[in-house]
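Colleague: sequence and predicted structure below; questions after.
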Number of protein chains: 2
Amino acid sequence: MAVTIKDVARAAGCSIKTVSRVVNDEPYVSEATRARVQKAIDELGYVPNIFARRFAQQRSYTLGVLLHSGGYNQQAWLSSILEIGYEYNYDILPQSYFPAYKKSQQKLASLIHERRIDGLVTTPPCDLDEFVLQQVTQSGIPLVRVNPYDRSGDLPYVSGDDFQGARMLTQHLMDLGHRRIAFFRGPLNHRMSVDRFHGYRAALEEGRLEYRAEWVQDSLFNFDGGYNATRMVMRGEDRPTAIFAGSDESAQGALFALREMGIEVPGEVSVAGFDDMPLAGNTWPGITTVQMPYRNIVEQAVNLLVDVLNKKDSGLQQVILPGRLILRGSTGPVPDPQG
Amino acid sequence: MAVTIKDVARAAGCSIKTVSRVVNDEPYVSEATRARVQKAIDELGYVPNIFARRFAQQRSYTLGVLLHSGGYNQQAWLSSILEIGYEYNYDILPQSYFPAYKKSQQKLASLIHERRIDGLVTTPPCDLDEFVLQQVTQSGIPLVRVNPYDRSGDLPYVSGDDFQGARMLTQHLMDLGHRRIAFFRGPLNHRMSVDRFHGYRAALEEGRLEYRAEWVQDSLFNFDGGYNATRMVMRGEDRPTAIFAGSDESAQGALFALREMGIEVPGEVSVAGFDDMPLAGNTWPGITTVQMPYRNIVEQAVNLLVDVLNKKDSGLQQVILPGRLILRGSTGPVPDPQG
DNA sequence: TTGTATGCGTTATCAG
DNA sequence: CTGATAACGCATACAA
């Protein structure tokens, strides 16, 4: 059997409450006593039994994380969350969430109902799910949304700045001399798509470029979406010289389509993505993109959640952090600058 | 406060022990009593408090999963493990493991030492780590290795059949008429690399093809490895007509290099990978590869681990499951069949 | 500044 | 077949 708080108390010649105070950094312990207890702890190699603690406090010290298999960048989110959660001594319980899949819903509901998680983190696009929102508001479980698709409501979130990123990237294309820039807009009900679109338009306006509706394609932010949209915009005579595909996967689809059509990148057409997913560096050519500060986003998100759980914060914060440009081979000077 | 076992006992007019028996499907309860208790459970909506149970039994009902950020296919492993773990009512505690990173080691050690996990699952390449093995043997914690790099020793594992897969894939290239087939062999200390290599050689022998050492490159199973190895084998006059890159990432690097050199795929050179990672379908052209039955592998692995934990198995099983061929655009008939 | 007593909800023991 | 009662290890009112 492992060494318990009683063993420490006996060794230090005090009560278990005093040991508890030392372990939990509570006040009202004389320095002398604290030192004596600490010594006993070290000598005995005492480690508090986390299950007893959880049981006594009726707290799980566990955060649930909703990951959608259809989402992007799951790997990056999860590994950051694991790391930061660990620093706060919280366990992370990931859950693959498929909206409209009864089993996922049941599982989430039971997780919350059985109090197996103290708080919940959503990664995109799980924040959109009605059932999730309903469970959260109904149970009152603290929530923080990471890079939410939907920023409406006053639920807290920490997010990258899609508007600023898209504007910066469009600006980059303009700096290269492009004046005919296509844009692939993701689903219109996603805040993320809309923000990126507005960033694109803002840059155009600042550069006094004409907005051409036929160069803006509604598509999905995935490989097929980029593929199809590319075939659409490259169909006519009046072709763009640059494609801002809205996401890296979409840009990958664009590269595929252009390659299929025998169009050189970036010789004839430049292509840019968004998100800086691992794939962006592994295509030919590499995809110029915007990188969001994932690590930083997660850090602030988990920090906020833990503060709420410890009642140090009301949980109403909404934070937006800027991204940065990642230049790769898929963008280059405009081939025939005539405007 | 939630409804407890006492509430149920009161409602059913029996002792808590009897309720416990019903809940845990223990014998020695009359059918009448069992029905009465079950009715009370349903009516009150009783759910056992998992933390109390864990505490009382001194078991965590949690499986640790080691994921290496440099490993392949983490997403696929994790989501399968989550799903299967759930079916067994086990929580999954993923851990990003970076070998030789002190923090990772400490975390794993404390997880085991504090009995926060009942069993451990390793994904490649974490099974290679000395520290992990040492902790496991020292603590006696049940372990199962999923697709281990190293199959030596009698630690249990469930693995895909790399030999069979590589042989099948090489056979496919030969069926297309290729007689000059390069092979990129991963790190020699990895069982996986060696098995794939032997599969390649076995197919060559069966087809009475000459083994040419200069077409076998030692490389890493990643993008850069495939890139560099491709430049090596395509350097001289005596070029292969097909490249079996050993892994999908490596094949992606090969595609990149060939594209850079202006060599058509599959027109001039066919390329094949291994693993069927998501990227294999998203390159141009798509990568012909071998798919391992991940889901099945994980299912058997977790099943085995849970059996060991419930003392229904000695934990000495070692299972190997076959893979299947996935045909895509990167392989085609040999351009100039002369041998 | 320190200690005592009680509760948290199960499972396990052992007597009926 | 059933039940009373004791762990399990910690946190926390409350008392000193």
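Modeller: In hand now; what should we look at? The structure displayed is predicted, hence computed values, not measured ones.

Colleague: residues from the stretch 51-200 of chain A in reach of DNA strand C?
Modeller: Counting by C-beta under 7 Å from any atom of the strand, the stretch 51-200 of chain A comes close to DNA strand C at A:Phe55, A:Ala56, A:Gln58. Quick note: C-beta positions are derived from backbone N, CA and C, even for glycine.

Colleague: A:Asp91 touches B:Leu93, doesn't it?
Modeller: Yes: A:Asp91 lies in contact with B:Leu93 (C-beta atoms under 8 Å); the separation is 6.1 Å.

Colleague: hey, what's in contact with both of these two?
Modeller: Jointly contacting A:Asp91 and B:Leu93 under the rule C-beta atoms under 8 Å, 6 or more residues apart in numbering or on different chains are B:Arg116.

Colleague: stretch A:31-42 near chain B at all?
Modeller: No: shown here: stretch A:31-42 not in contact with chain B (C-beta under 8 Å from any C-beta of the partner chain), separated by at least 14.4 Å.

Colleague: show me which of the residues of the stretch 51-200 of chain A next to DNA strand C neighbour DNA strand D.
Modeller: For DNA strand D, the contacts drawn from those by C-beta under 7 Å from any atom of the strand are A:Phe55, A:Ala56.

Colleague: give me the buried subset of the residues of the stretch 51-200 of chain A next to DNA strand C.
Modeller: Buried subset of these (neighbour count, 16 or more other C-beta atoms under 10 Å in any protein chain shown): A:Phe55.

Colleague: what is the nearest of the residues of the stretch 51-200 of chain A next to DNA strand C to B:Ile320?
Modeller: Distance to B:Ile320 across these (C-beta to C-beta) is lowest for A:Phe55, with 42.0 Å.

Colleague: against A:Arg21, how distant is the closest one?
Modeller: Look at A:Phe55 and A:Arg21: by C-beta to C-beta, to the nearest Å, they are 20 Å apart.

Colleague: what does the helix or strand where A:Ser159 lies contact?
Modeller: Taking DSSP states H and E as the criterion, A:Ser159 maps to strand A:157-160. Residues from elsewhere that reach strand A:157-160 (C-beta under 8 Å, 6+ apart): A:127, A:144-148, A:151, A:292-294, A:297-298, A:300-301, A:304, A:317-323.

Colleague: do stretch A:91-106 as well
Modeller: Outside stretch A:91-106, the residues within contact range by C-beta under 8 Å, 6+ apart are A:60-69, A:78, A:81-82, A:85-86, A:107-108, A:111, A:116-117, A:126, A:128-129, A:131-132, B:78-79, B:82-83, B:91-94, B:116.

Colleague: spell out which parts of the stretch 51-200 of chain A neighbour chain B.
Modeller: Residues of the stretch 51-200 of chain A found near chain B (C-beta under 8 Å from any C-beta) are A:51-52, A:54-55, A:58, A:60, A:67, A:69, A:74-75, A:78-79, A:82-83, A:86, A:91-96, A:107, A:110, A:113-116.

Colleague: what do you get if the cut-off is 7 Å, keeping everything else the same?
Modeller: A:51-52, A:54-55, A:60, A:69, A:74-75, A:79, A:82-83, A:86, A:91, A:93-96, A:107, A:114, A:116 (C-beta under 7 Å from any C-beta of the partner chain).

Colleague: please narrow those residues to those residing in strands.
Modeller: Counting by DSSP state E, these place A:Asp91, A:Leu93, A:Pro94, A:Gln95, A:Ser96 in strands.

Colleague: was I right about A:Leu173 contacting A:Ser270?
Modeller: Yes: between A:Leu173 and A:Ser270 there is a contact at 6.4 Å, judged by C-beta atoms under 7 Å.

Colleague: list residues touching both of these two?
Modeller: A:Ala242, A:Thr331 (C-beta atoms under 7 Å, 6 or more residues apart in numbering or on different chains).

Colleague: for A:Ile117, give its distance to chain B.
Modeller: Distance of A:Ile117 to chain B, computed by C-beta to the nearest C-beta, to the nearest Å: 10 Å.

Colleague: number of nearby residues for the residue of the stretch 101-250 of chain A found nearest DNA strand D?
Modeller: Per C-beta to the nearest atom of the strand, the residue of the stretch 101-250 of chain A with the smallest distance to DNA strand D is A:Asp118, at 13.3 Å. By the criterion of other C-beta atoms under 10 Å in any protein chain shown, A:Asp118 has 20 neighbours.

Colleague: about what we covered before: of the contacts of stretch A:91-106, buried ones?
Modeller: Using 16+ other C-beta under 10 Å, the buried ones in the contacts of stretch A:91-106 are A:60-68, A:78, A:81-82, A:85, A:107-108, A:111, A:116-117, A:126, A:128-129, A:132, B:78-79, B:82-83, B:91-94, B:116.

Colleague: what about the residues of the stretch 51-200 of chain A next to DNA strand C, which are in helices?
Modeller: Taking DSSP state H, the ones among those that sit in helices are A:Phe55, A:Ala56.

Colleague: need the residues of the stretch 51-200 of chain A next to DNA strand C in JSON lines with pLDDT, can you?
Modeller: As requested, these are exported to JSON lines (pLDDT from 0 to 100):
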{"residue": "A:Phe55", "pLDDT": "91"}
{"residue": "A:Ala56", "pLDDT": "92"}
{"residue": "A:Gln58", "pLDDT": "90"}
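
Colleague: closest to DNA strand D among the residues of the stretch 51-200 of chain A next to DNA strand C?
Modeller: Distances from DNA strand D to those, taken by C-beta to the nearest atom of the strand, are shortest for A:Ala56, at 3.5 Å.

Colleague: could you measure from that closest one over to B:Ala229?
Modeller: Distance, A:Ala56 to B:Ala229, by C-beta to C-beta: 58 Å.

Colleague: next: A:His178.
Modeller: On the measure of C-beta to C-beta, A:His178 and B:Ala229 end up 37 Å apart.

Colleague: domain ranges for chain A?
Modeller: Structural domains assigned to chain A are A:5-56, A:60-160+A:299-317, A:162-292, following automatic domain parsing.

Colleague: return the most buried member of those domains.
Modeller: Neighbour counts (mean count of other C-beta atoms under 10 Å in any protein chain shown) averaged over each of the domains of chain A peak at domain A:162-292, with a mean of 21.

Colleague: and the helix or strand where A:Val308 lies, average pLDDT?
Modeller: In this assignment (DSSP H and E), A:Val308 forms part of helix A:294-309. Taken as a whole, helix A:294-309 has an average pLDDT of 93.

Colleague: just checking, what packs against that helix?
Modeller: In terms of contacts (3 or more C-beta pairs under 7 Å, 6 or more residues apart in numbering or on different chains; DSSP states H and E), helix A:294-309 is packed against helix A:74-87, strand A:119-122, strand A:143-146, strand A:157-160, strand A:318-321.

Colleague: is any part of it close to DNA strand D?
Modeller: No: shown here: helix A:294-309 not in contact with DNA strand D (C-beta under 7 Å from any atom of the strand), separated by at least 12.5 Å.

Colleague: and that helix, how far from the chain's centre?
Modeller: On the basis of C-alpha atoms, centre = their mean, to the nearest Å, helix A:294-309 sits 11 Å off its chain's mean C-alpha point.

Colleague: and the angle for that helix with strand A:91-96?
Modeller: Relative orientation of helix A:294-309 versus strand A:91-96 (axes from the mean of the first three to the mean of the last three C-alpha atoms, to 10 degrees): 110 degrees.

Colleague: quick one: contacts of helix A:294-309?
Modeller: Here helix A:294-309 has contacts from A:63, A:76-77, A:80-81, A:84-85, A:88, A:90, A:118-119, A:121, A:142, A:144, A:146-147, A:156, A:158-160, A:313, A:315, A:317, A:319, A:321, using C-beta under 7 Å, 6+ apart.

Colleague: count the neighbours of the residue lying closest to A:Gly281 once chain neighbours are set aside for me.
Modeller: Counting by C-beta to C-beta, 6 or more residues apart in numbering or on different chains, A:Arg328 is the residue found nearest to A:Gly281 once chain neighbours are left out, at 6.8 Å. A:Arg328: 18 surrounding residues under other C-beta under 10 Å.
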